[in-house]
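Got a sequence here, can you build the structure:
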Amino acid sequence: QQVERLDKIDGASRHLLTIINDILDLSKIESGKLVLETTDFYLSSVLDNIDSIIGESARDKGLQVEIDRGDVPPLLRGDPTRLRQALLNYAANAIKFTDQGKVSLSARLLEDNGSDFLVRFEVRDTGIGISPERANKLFQVFEQADTSITRKYGGTGLGLAITRKLANMMGGEVGVDSEVGQGSTFWFTARLQRGQDSSASTYGTSVLSDAESQLKLNHSGAKILLADDSAINREVAVEMLRNAGLILDTVADGVEAIGRVKQQKYDLVLMDMFMPNMGGIEATQLIRTLPDYEKTPIIAMTANAFDEDRSACFNAGMNDFIAKPVEPKLFYTTLLKWLPVKHIASGD
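Residues are numbered from 1 along each chain as shown. The predicted structure is shown next:
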């Protein structure tokens, strides 16, 4: 009974956090404080990441998830974090409102102007569907198909409004095609540039494997500390760095991080911004006062990718910033940038 109550508390807390994050995102967009990032990224990384996020929920419901990159160039330039957010809002809703069948994520090239593209992204489900008169209101703030939807499925009515605003910022628009009892197709368009990483292969594997091989060649055995309160994030990081020949220790908050760096010397520290007991900003400031850590690279890893968040990290003494979800190529190349050619950790 206690476990059941804790599960309910956890579920309610996560729901509240979702509401708060949605409101914060919406307010930053409407106040003009959200600035889109411009960086090279692989579309497959964005789609695969969404697949990994919704995969467990889909399996729990017996749903099949399909991903189709279509004819869109693999290497693009834009804001992968906000593109992922817009798509994830659609995908999460599709899983929520579908009890049987499948959910499909796809991308399709609408315009190719040489240096830039107009891409249409779709999330199709076999769920409950929506009547035309209700579908017209869905992209308004705090709107859902009807009040019974909120009671049965939950939600804030903000996710679709955020996707609409993000799509508008990316030079696109949104829409939905739906039939009650048959399912829905939610779509948005976005203008993206052609990726400029000339060393990338068609699917980016050569750049990724090259970064991994350089880490193995020049930094094998380097010691890295990761502070992150998410067990899933820690597990993913362990696998990624182990594949690159690096040694990773993990802790769940800033207090543990400080205790660990006092015990041994690390070549690099990966720090989440927001953690229980002590966050990454305060932990970094304290680590910088330790004799052996005045110049040790400290890299922020957080989903908070706003300009003010970056500034707070740099002001605290961090050297660089990686936005979550972590794109492997960017992750590895950032480590290559900051790890010394010959790692200096000398043991426990």
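
can you pull the contacts of Gln196?
40, 77 (CB atoms under 8 Å, 6 or more residues apart in numbering). In this view, the C-beta of every residue, glycine as well, is placed from N, C-alpha and C.

And the chain, split by domain according to the record?
2-194, 205-338 (automatic domain parsing).

okay, the ones you listed in a markdown table with mean neighbour count and mean pLDDT next?
Converted to a markdown table, these look like this (neighbours: other CB atoms under 10 Å; pLDDT from 0 to 100):
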| stretch | mean neighbour count | mean pLDDT |
| --- | --- | --- |
| domain 2-194 | 17 | 82 |
| domain 205-338 | 18 | 86 |
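
quick one: the residue lying closest to Trp338 once chain neighbours are set aside and Leu339, what's the gap?
Spatial nearest neighbour of Trp338, excluding adjacent residues (CB to CB, 6 or more residues apart in numbering): Pro297 at 3.8 Å. Taking CB to CB, to the nearest Å as the measure, Pro297 and Leu339 are separated by 7 Å.

swap in Ala303?
Taken as CB to CB, the span from Ala303 to Leu339 is 24 Å.

joint contacts of Pro297 and Leu339?
267-268.

Name all residues that make contact with Val174.
Contacts of Val174 (CB under 8 Å, 6+ apart): 139, 160, 163-164, 167, 186-189.

and the closest residue to Asp116 other than its chain neighbours, which of the three is it?
Sequence neighbours aside, Gln193 is the residue nearest to Asp116 in space, at 4.8 Å (criterion: CB to CB, 6+ apart). Here Gln193 is recorded as strand under DSSP: H, G, I helix; E, B strand; the rest coil.

Gln193 bridge partners, please.
Beta-bridge pairing of Gln193 under DSSP bridges involves Arg77, Asp116.

That one and Phe117, how far apart?
For Gln193, the distance to Phe117 - CB to CB - is 8 Å.

now Leu63
Leu63 is 30 Å from Phe117, by CB to CB.

One more: Asp99?
Counting by CB to CB - Asp99 and Phe117 are separated by 35 Å.

Could you pull up phi and psi at the closest residue in space to Pro340 that isn't next to it in sequence?
Leaving out its chain neighbours, the residue that sits closest to Pro340 by CB to CB, 6+ apart is Asp267, at 6.9 Å. Main-chain dihedrals, Asp267, degrees, to the nearest 10: phi -80, psi -20.

Over to Thr98?
Dihedral angles for Thr98 - degrees, to the nearest 10 - are phi -120, psi 120.

Kindly report the same for Asp228.
Torsion angles, degrees, to the nearest 10, at Asp228: phi -160, psi 130.

picking that back up, now for the contacts of Val174: which two are most distant?
Across the contacts of Val174, the longest distance by CB to CB is 15.1 Å; it joins Leu160 and Thr189.

ok, now how distant is Val123 from Arg134?
Taking CB to CB, one finds Val123 at 18 Å from Arg134.

Kind regards, and thank you for your time.
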